[in-house]
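**Student:** sequence first, predicted model second:
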Amino acid sequence: MLKKLVSYILYIFISINVAYAETDTLPIISGVGGDFSAIDSHGNAVEFNSYSGNVVIISFGYTNCADICPFTLGYLKQLYSQLNEEEQQRVKFLFVTVDPEYDTPAHLNDFLSYFNKDFIGISGTKEQTDHIVSLYQAQYNELSNEGMPTHNIRRINPKLLEENEKEKAKLFSHSVSIYLVDKEGFTRSIEYTGTPKDKFVKKIQQLIKE
Amino acid sequence: MKASILKYIFIILISLVSVETFSENTKPVKEHPSSLNSMAAQLVRWYGRLLPPQNNISFSPIDKRLKDSQKQYPHDIEHLKIISSKLANSPKEGLLQFNVTTNIKSKSPTGSDWMTIKEQFLFNEKQDGSMELVQVILKDKTATEEKKVIKNTDRMYFKSREFAYSWLAYMDGIDAVKNTINLENWIENAVYDVQIGSKKITGSVVSSLKQRSVYLSTGKHTLRSIDITQDGQSQNTYILDLTMNWNGFNAKSIPVIAKINQKIKIKLNKDGTWDVLSIKEKHLIPDLTPWQEFLC
């Protein structure tokens, strides 16, 4: 009898501890993010508020990025796989190109399919790109005036070209931050590929449940 | 049997302690009882009065009860710099205390003298939430070696800070400071533009503050930096560039953090009062993480 009583009390205390151990409410980071118009990687005109009701994860990069972008997308792919099927339905992963001139919707879609077919590329005009970058107070810079012959760039997937067609592409530096946005479009966290995945996943799950 | 009972009691006690520890760790941080800004405004006003006259720059008279405390300073002060200020719990019941250290340069028969002064400013919270300076206690006053004079720490330096802290106190909800900033004169006329991400608010100060309060409902502003420059168009018009943090809740009680920049176009009248002409506010990305500035 005493043993049972102690077990029950212990169970209650452990439950209370677990309840206290849960993360606090993520604060809204005021002024970061907002509405924008763009073209997604399926070639559709989109408004950001069309993702309302979903948790959104936003990163910046471009397809000719040899290092951090494939690494980031690989990291995001692992995050996605740690969510269950229902949670995956409630999250959108957006990859905003800083080189919309080269990264057409079709090429962006092809690029992202190497990581996850559900990832959404965001392209558009340079003005639209600059507007999105400014909303998230991110940055990007062209690294040189001259383009680089693309056959010299180590990249995930070349663009389909005509035989013997040569092309050049620009190289950029860009922000590495990953923005976690809630179902109402407010930015709630700014992470990067160094964030422990389980910690990031917990935040996503917290916002899904909100 | 006895050993078993003791074992179970021990387990229960350990569990009790761990719950207590967790609840201690998640207790909300004790809020300041009122806006620190109203105290800071009075501090800078106190010191601003000690400096030599400059153009139209005047400060409201001090409480008669505190006049004697102004006698502790040297005459003919040429330069004054606050080098540290710390909020502390006062041993006197119900009061808050600022411990302040200043370096002061004053004229003397031999040229200039330098002095370091340590004081305690005691504040009492009033019913309306404002803080009343009730006592200034001199703790230490010593001659010191020559210090580097920082340019522009003149009357305007303190006058602009008096405005900035009072304005922040008003935005924190302390209505009592409105006379300090001459609010009634410009609250309906000055244009106040706010940009929060893609959201833009524009209107008079009254209407913009009301719309802004949906996003920043209850909380506190903390001044991070202030810069005042003359507006090229007019001699008595200035641009006050303020950067501040905000911590609190929105109208839906969700916690919000903000880093806010305000560019305030402001005119100094001949009677020493301020008139705000316009305010442009933009919410910047707060300094949260080291990687947010990284580019790859």
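**Tutor:** It's in. Residues are numbered from 1 along each chain as shown, chains lettered A, B, ... in the order given.

**Student:** all strands of the stretch 101-250 of chain B, in order?
**Tutor:** Along the stretch 101-250 of chain B, the segments classed as strands by DSSP state E, counting those that start in this stretch run B:111-125, B:131-143, B:191-196, B:199-201, B:218-230, B:237-249.

**Student:** the first one - contacts with which helices or strands?
**Tutor:** When contacts are defined as 3 or more Cβ pairs under 8 Å, 6 or more residues apart in numbering or on different chains; DSSP states H and E, strand B:111-125 packs onto helix B:36-48, strand B:95-108, strand B:131-143. In this view, the C-beta of every residue, glycine as well, is placed from N, C-alpha and C.

**Student:** who's in contact with A:Leu76?
**Tutor:** A:Ile57, A:Ser59, A:Phe93, A:Phe115, A:Asn116, A:Phe119, A:Ile178 (Cβ atoms under 8 Å, 6 or more residues apart in numbering or on different chains).

**Student:** now the fourth one: closest residue in space, sequence neighbours ignored.
**Tutor:** Meaning A:Phe115. Spatial nearest neighbour of A:Phe115, chain neighbours left out: A:Leu73 (4.3 Å); criterion: Cβ to Cβ, 6 or more residues apart in numbering or on different chains.

**Student:** count of neighbours near the one you found?
**Tutor:** Residues lying near A:Leu73 (other Cβ atoms under 10 Å in any protein chain shown) number 23.

**Student:** for it, helix, strand, or coil?
**Tutor:** Three-state assignment for A:Leu73 (DSSP: H, G, I helix; E, B strand; the rest coil): helix.

**Student:** you'd agree it is up against A:Ser113?
**Tutor:** No: using Cβ atoms under 8 Å, A:Leu73 is not in contact with A:Ser113; the gap is 10.9 Å.

**Student:** quick revisit: of all the strands of the stretch 101-250 of chain B, which one is nearest A:Glu87?
**Tutor:** In terms of Cβ to Cβ, the element of the strands of the stretch 101-250 of chain B nearest to A:Glu87 is strand B:237-249, at 27.4 Å.

**Student:** and whichever helix or strand comes after that closest one, what does it pack against?
**Tutor:** Moving toward the C-terminus from strand B:237-249, the next helix or strand (DSSP states H and E) is strand B:255-268. If you count contacts as 3+ Cβ pairs under 8 Å, 6+ apart, strand B:255-268 packs onto strand A:28-29, helix B:155-171, strand B:218-230, strand B:237-249, strand B:274-284.

**Student:** what residues of strand B:255-268 count as buried?
**Tutor:** Of all the residues in strand B:255-268, those buried under the rule 16 or more other Cβ atoms under 10 Å in any protein chain shown are B:256-268.

**Student:** same thing with stretch B:80-87?
**Tutor:** By neighbour count with 16+ other Cβ under 10 Å, stretch B:80-87 contains the buried residues B:Leu80, B:Lys81, B:Ser85.

**Student:** what about the residue lying closest to the first one once chain neighbours are set aside, distance to B:Arg65?
**Tutor:** What it means is B:Leu80. Among residues not flanking B:Leu80 along the chain, B:Ile104 sits closest, at 5.1 Å (Cβ to Cβ, 6+ apart). Relative to B:Arg65, B:Ile104 is positioned 23 Å away (Cβ to Cβ, to the nearest Å).
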